[in-house]
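Trainee: need a structure here:
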Amino acid sequence: MVLFFWEYISFMSFLLIVSGPGMKKRTFRSPGSSVSVGAPGSEADVLLEIPGLTGLYYSVEKTLEGMDILLEPGVFIEIDGRKTKRRKVPIFSGQAFAHESYRIEVEWLPEEGEVMSLDPDMLSVGQEDVRDWFETFMDLVDRMEGLRELEGLVKVLTEGVLKTTGAERCYLELDGESGEVDKWYRSTIGGEQAFGVSHSLISRVRGDKGIVFVPESSADPTVAGLLSVKREGISSSVAVPIHALGKDLGVLYADCVSPGRKLGPEDFRKTALLGRIFANAIGNRSLLRSVFLEAELPLGLQSKSPSCKEMIEKARLYSQTDYTILIRGETGAGKDVVARSIHQISGRSRGPFVAVNCAAIPAQLMESELFGHIKGSFTGAELDRDGLFVSAEGGTLFLDEIGDMDKDLQSKILRVLETREVTPVGSTKSIPVDVRILAATHRDLEQMMQKGEFREDLYFRIRELEILVPPLRDRKEDLLRLAEVFLEEVSSELGLVPPSLSSEAMDKILKHSWRGNIRELKHAIRMAVLKSGGKEIQENDFELSEMEDHSMSSASPSSEESVPPGGWKKKLEDQEKEALKKTLEESGGNLTRAAALFGLPRTTYREKLIKYGLIP
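Mentor: As a prediction, the model looks like this:
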């Protein structure tokens with residue numbers, strides 16, 4: 001067997017593959033040890049137009065360890081699902097990052113004639129041959145696919161790092177569900193006995209949400225003076241974040257303590273790759289656990305209707321992530337109830353749930369409502385006031401009817417979603433926020449984008465995940481249960497003993513079309529309780545025929561024609577299938593790259609391909 005191995009000397013060139021909404025994928029090749037990206041009119045090698053930015057955006061430079069992205073002040077990028085504005089960001093060849101609406105993949109290539117073919121038996125990596133690295137890699141992948149116990153995954157991870165790299169010690173810390181930090185140790189000499197690590201480097205990974213690699217501690221003045229490095233005799237180290245399901249879960253750390261022993265670029269890459277595989281594995285464990293939750297689901301996710309099965313499954317799965325969810329459905333279908341239920345079963349349930357109706361607040365007041373303001377920023381601003389983003393810190397912010405949001409405010413919301421920072425009205429100081437965003441709408445956002453009424457980049461940002469809430473007319477199995485729930489609520493509000501429903505009243509509820517969905521049902525129950533005076537509710541206590549006639553007559557031809565053939569669900573499924581086909585084609589059939597393009601984990605992406613019959 002022959003392994004083709006790039007030997008990078010001094011001759012190379014950068015390859016930038018750029019894609020984005022409304023543009024074909026473009027490839028830029030730039031010779032030399034660096035390539036720059038900037039606005040049209042600048043002297044950058046690659047020119048990309050980004051509203052509000054001028055001059056140079058960033059450059060990518062070759063280093064001894066790999067590559068670095070050097071960001072200009074005020075520029076943010078997203079890499080591995082995390083936003084960063086650090087001056088220097090390490091990146092691998094073949095890794096991609098996002099800048100505003102653009103996706104950029106960076107590769108560096110040798111000049112022709114610099115490719116060598118080597119037999120695996122001749123190639124040594126971290127004093128172990130390629131076969132050891134491959135077997136460890138496959139062992140961890142097998143455990144990931146099997147979703148085995150956490151302790152087993154940790155053992156394979158830590159042993160794998162020591163086996164395939166030059167590291168002598170490996171340490172892993174993960175954030176526990178109750179707030180504590182779980183820790184694991186493994187070394188080539190002391191086994192699982194605890195040892196001292198460089199918590200300064202680990203804190204840097206946690207704070208900057210990036211990778212730290214120190215090839216030689218004595219040669220790095222920012223590291224050589226650290227107390228932990230001196231005390232433990234750490235000669236070389238690497239620390240990478242464990243990030244899954246939109247959350248920062250912990251840090252994987254490895255080092256050398258023998259004098260003169262160092263970790264090289266390949267050790268750094270393997271540690272980072274093993275960390276990413278492990279993150280996928282524990283992410284999948286969280287998803288699986290959410291599917292089989294033993295605790296009773298919130299009322300908003302309880303249903304006997306087959307039409308709600310997919311909604312409930314998605315809500316369970318998505319609740320365990322920090323990705324933005326777009327909840328779609330007709331007016332009154334209960335999108336707000338689903339949003340609150342997702343919060344209740346999420347890891348943020350101990351934090352606040354803050355809801356805002358984007359259609360109910362005037363556009364001129366919405367910015368202050370969301371971002372806050374400082375004293376004197378406008379007439380009537382007599383005190384500093386926190387906005388809803390800050391109020392939702394550590395919890396969930398629900399943007400209801402986001403399709404009715406003013407176009408100017410959409411760009412500001414997009415900025416917050418990208419930077420995770422808000423700037424109060426009248427202030428120049430940004431405030432970092434840690435919130436999970438849920439959004440909902442009954443509007444056809446795709447049609448609004450075509451008309452220029454809704455920003456395309458915001459659409460893709462809020463639609464990282466999507467849930468469709470079925471209308472009440474498709475949930476006949478739930479009608480009487482919901483009626484009983486509303487009877488309890490309304491009677492409690494009125495100080496009455498909950499009345500029962502006669503069989504004729506039940507029959508009338510089951511036969512009604514419920515054009516107004518859950519909102520109409522609750523209103524009808526309230527009126528029936530009032531009319532019955534607290535006695536058993538009879539058929540004539542409901543005035544449903546008039547409501548039905550009204551709903552029928554008010555449905556204009558134009559509103560009926562706007563519903564696509566097969567309904568909205570089929571339309572969304574068709575769009576998803578087309579997007580899957582496109583990303584698969586653009587990646588040349590490479591599932592890992594295609595999944596990154598689509599914005600999903602590889603396993604989830606593959607399941608969708610199978611679902612739509614795109615792969616066997």
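
Trainee: what's the burial count for Gln302?
Mentor: Using other CB atoms under 10 Å, Gln302 has 15 neighbouring residues. C-betas here are computed from N, CA, C, even on glycine.

Trainee: quick one: it and Asp336, what's the gap?
Mentor: Going from Gln302 to Asp336 by CB to CB, to the nearest Å gives 16 Å.

Trainee: Equivalent analysis for Gly300, please.
Mentor: 9 Å.

Trainee: Strands of the stretch 101-250 of the chain, start to end?
Mentor: Using DSSP state E, counting those that start in this stretch, the strands of the stretch 101-250 of the chain run over residues 102-110, 115-118, 124-125, 128-129, 169-175, 181-187, 212-214, 236-244, 247-256.

Trainee: what's the least confident stretch among the ones you listed?
Mentor: Ranked by mean pLDDT, the strands of the stretch 101-250 of the chain bottom out at strand 115-118, which scores a mean of 30.

Trainee: rewinding a little: JSON lines for the strands of the stretch 101-250 of the chain, including distance to Lys582 and mean neighbour count?
Mentor: Output for those, formatted as JSON lines (distance: least, CB to CB, whole Å; neighbours: other CB atoms under 10 Å):
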{"stretch": "strand 102-110", "distance to Lys582": "13", "mean neighbour count": "19"}
{"stretch": "strand 115-118", "distance to Lys582": "32", "mean neighbour count": "11"}
{"stretch": "strand 124-125", "distance to Lys582": "37", "mean neighbour count": "14"}
{"stretch": "strand 128-129", "distance to Lys582": "40", "mean neighbour count": "16"}
{"stretch": "strand 169-175", "distance to Lys582": "36", "mean neighbour count": "21"}
{"stretch": "strand 181-187", "distance to Lys582": "41", "mean neighbour count": "16"}
{"stretch": "strand 212-214", "distance to Lys582": "35", "mean neighbour count": "23"}
{"stretch": "strand 236-244", "distance to Lys582": "26", "mean neighbour count": "25"}
{"stretch": "strand 247-256", "distance to Lys582": "29", "mean neighbour count": "24"}
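
Trainee: what about the ones you listed, which gets the closest to Glu453?
Mentor: Among those, the nearest to Glu453 by CB to CB is strand 102-110 (23.1 Å).

Trainee: Pull out the buried positions in the helix or strand containing Glu369.
Mentor: According to DSSP states H and E, Glu369 maps onto helix 363-371. For helix 363-371, a neighbour-count test (16 or more other CB atoms under 10 Å) marks 366-371 as buried.

Trainee: And for stretch 581-595?
Mentor: Here stretch 581-595 shows 583-584, 586-587, 591, 593-595 as buried, counting by 16+ other CB under 10 Å.

Trainee: Closest to Asp386 out of these?
Mentor: Closest to Asp386, out of all of these and judged by CB to CB, is Ala595, at 38.4 Å.

Trainee: My guess is that closest one contacts Arg602. True?
Mentor: Yes - the pair Ala595 / Arg602 is scored as a contact, 4.3 Å apart, by CB atoms under 8 Å.

Trainee: what's near enough to touch Gln538?
Mentor: Applying CB atoms under 8 Å, 6 or more residues apart in numbering, one finds that Gln538 lies in contact with 502, 504-505, 532.

Trainee: Quick check on it: phi, psi?
Mentor: Here is the backbone geometry of Gln538 (degrees, to the nearest 10): phi -100, psi 170.

Trainee: any idea how far it is from Arg169?
Mentor: Taking CB to CB, one finds Gln538 at 77 Å from Arg169.

Trainee: Kindly report the same for Gly41.
Mentor: From Gly41 across to Arg169, the span is 51 Å (CB to CB).

Trainee: Can you give me the buried ones in stretch 21-41?
Mentor: Buried, per 16+ other CB under 10 Å, within stretch 21-41: 28, 30, 35-39.

Trainee: My error: substitute stretch 52-70 in the last question.
Mentor: By 16+ other CB under 10 Å, the buried positions in stretch 52-70 come out as 53, 56-62, 65-70.

Trainee: start to end distance for it?
Mentor: Stretch 52-70 has an end-to-end distance of 19 Å (CA to CA, to the nearest Å).

Trainee: in the stretch 451-600 of the chain, which spans are strands?
Mentor: 465-468.

Trainee: That should have said the stretch 251-400 of the chain, apologies.
Mentor: Here the stretch 251-400 of the chain has its strands, by DSSP E, counting those that start in this stretch, at 325-328, 353-357, 372-373, 385-386, 396-400.

Trainee: Now render these as JSON lines, adding distance to Met527 and mean neighbour count.
Mentor: Listed next are the strands of the stretch 251-400 of the chain as JSON lines, based on distance: least, CB to CB, whole Å; neighbours: other CB under 10 Å:
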{"stretch": "strand 325-328", "distance to Met527": "28", "mean neighbour count": "24"}
{"stretch": "strand 353-357", "distance to Met527": "24", "mean neighbour count": "18"}
{"stretch": "strand 372-373", "distance to Met527": "40", "mean neighbour count": "22"}
{"stretch": "strand 385-386", "distance to Met527": "39", "mean neighbour count": "16"}
{"stretch": "strand 396-400", "distance to Met527": "25", "mean neighbour count": "24"}
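
Trainee: wait, which of the buried residues of stretch 52-70 is closest to Ala439?
Mentor: Nearest to Ala439 out of these is Leu53 (CB to CB; 25.8 Å).

Trainee: How much space separates the most centrally placed residue in the chain from Ile462?
Mentor: Nearest to the geometric centre of the chain sits Tyr323, at 2.9 Å (CA atoms, centre = their mean). Distance, Tyr323 to Ile462, by CB to CB: 10 Å.

Trainee: Sort out for me which of the contacts of Gln538 are in helices.
Mentor: Within the contacts of Gln538, residues falling in helices by DSSP state H are 504-505, 532.

Trainee: per the record, what domains does the protein have?
Mentor: What automatic domain parsing lists as the domains of the chain is 3-115, 122-290, 299-470, 473-561, 567-611.

Trainee: How far away from the center of its chain is the first one?
Mentor: Mean C-alpha position of domain 3-115 versus that of the full chain (CA atoms, centre = their mean, to the nearest Å) differs by 23 Å.

Trainee: What is the subsequent helix or strand relative to the element among helices and strands of the chain having the smallest mean pLDDT?
Mentor: Least confident element among the helices and strands of the chain, by mean pLDDT, DSSP states H and E: strand 3-6 (a mean of 27). Using DSSP H and E, the helix or strand that follows strand 3-6 in sequence is strand 12-20.

Trainee: what lines up beside that next one in the sheet?
Mentor: strand 23-31 (antiparallel), strand 102-110 (antiparallel) (DSSP bridges).

Trainee: Trp514: neighbour count?
Mentor: 24.

Trainee: ignore the last one, Ser391
Mentor: A total of 16 residues lie near Ser391 under the criterion other CB under 10 Å.

Trainee: Am I right that it is in contact with Val354?
Mentor: Yes - using CB under 8 Å as the test, Ser391 is close enough to Val354 to be in contact (5.3 Å).

Trainee: re earlier: now do the residue nearest to the centre of the chain, the pLDDT please.
Mentor: pLDDT, read off for Tyr323, is 87.

Trainee: What of Glu520?
Mentor: pLDDT, read off for Glu520, is 88.

Trainee: now it, nearest residue through space, not along the chain?
Mentor: Residue nearest to Glu520 in three dimensions, not counting chain neighbours: Trp514, with 5.7 Å by CB to CB, 6 or more residues apart in numbering.

Trainee: want to throw the buried residues of helix 363-371 into CSV with distance to Arg526?
Mentor: CSV is the format used below for the buried residues of helix 363-371 (distance: CB to CB, whole Å):
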residue, distance to Arg526
Met366, 30
Glu367, 35
Ser368, 34
Glu369, 29
Leu370, 32
Phe371, 36
